[in-house]
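Chemist: predicted model and sequence follow; I will ask about them next.
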Amino acid sequence: MNTAKEMIRKLPRFLKTGTCSWKYDSWKGLVYSDNVGENYLSEYANFYNIVEVNQWFWSLFGDKVVLPKSETVSEYVGSVPKDFRFSVKVPMAKQINSLIFQFEYLNKQEMLLFKRFKKNGA
């Protein structure tokens with residue numbers, strides 16, 4: 001049986017798979033090793049090849065827009081392979097050139113349901 005990581009690696013290079021963020025303790029044992037250090041993004045990039053950076057998006061609904069500091073962005077880039085991509089959520093976009101399919105949040109309980117779904121031939 002193929003693992004999710006193996007299935008992702010078999011996808012065409014132009015097809016990117018990822019999630020809406022990367023730092024979730026509940027993903028230990030699913031995406032991260034059980035002893036993940038402080039750099040969750042580095043381990044995330046071993047599993048996925050794109051991630052949505054949504055921290056600035058949520059700041060749009062506060063008092064001021066907050067973009068990541070350049071040092072933080074440099075740390076992000078230094079944590080991932082060269083072909084890794086970052087995406088951003090763009091509100092009220094007039095042109096769409098990629099689609100993001102959002103599934104249930106990754107957690108061990110939902111993954112059990114996914115395994116049952118796959119077992120039943122879906």
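Modeler: Thanks, I have it.

Chemist: show me where this protein has helices.
Modeler: Remark: helices assigned in the chain by DSSP state H are 4-9, 40-44, 55-59, 70-78, 108-119.

Chemist: let's see stretch 27-44 as CSV, backbone CA atoms only.
Modeler: Provided in CSV are the C-alpha atoms of stretch 27-44 (Å, rounded to 0.1, in the frame of the first residue of the first chain):
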residue,chain,number,x,y,z
TRP,A,27,0.7,16.4,12.8
LYS,A,28,3.4,14.6,14.7
GLY,A,29,3.6,11.1,13.4
LEU,A,30,1.6,12.0,10.3
VAL,A,31,3.7,14.7,8.6
TYR,A,32,6.4,15.3,11.1
SER,A,33,8.6,13.0,13.0
ASP,A,34,7.6,12.5,16.6
ASN,A,35,10.6,14.5,17.8
VAL,A,36,10.3,17.4,15.3
GLY,A,37,12.5,20.3,16.4
GLU,A,38,11.7,23.9,16.1
ASN,A,39,11.8,23.9,12.3
TYR,A,40,8.4,22.4,11.3
LEU,A,41,8.7,23.9,7.8
SER,A,42,11.8,21.9,7.0
GLU,A,43,10.1,18.6,7.9
TYR,A,44,6.8,19.8,6.2
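
Chemist: quick revisit: comparing the helices of the chain by mean pLDDT, which bottoms out?
Modeler: Among those, helix 108-119 carries the lowest mean pLDDT, at a mean of 58.

Chemist: pull up the distance across stretch 45-62, start to finish.
Modeler: Distance across stretch 45-62, first residue to last, is 30 Å (Cα to Cα, to the nearest Å).
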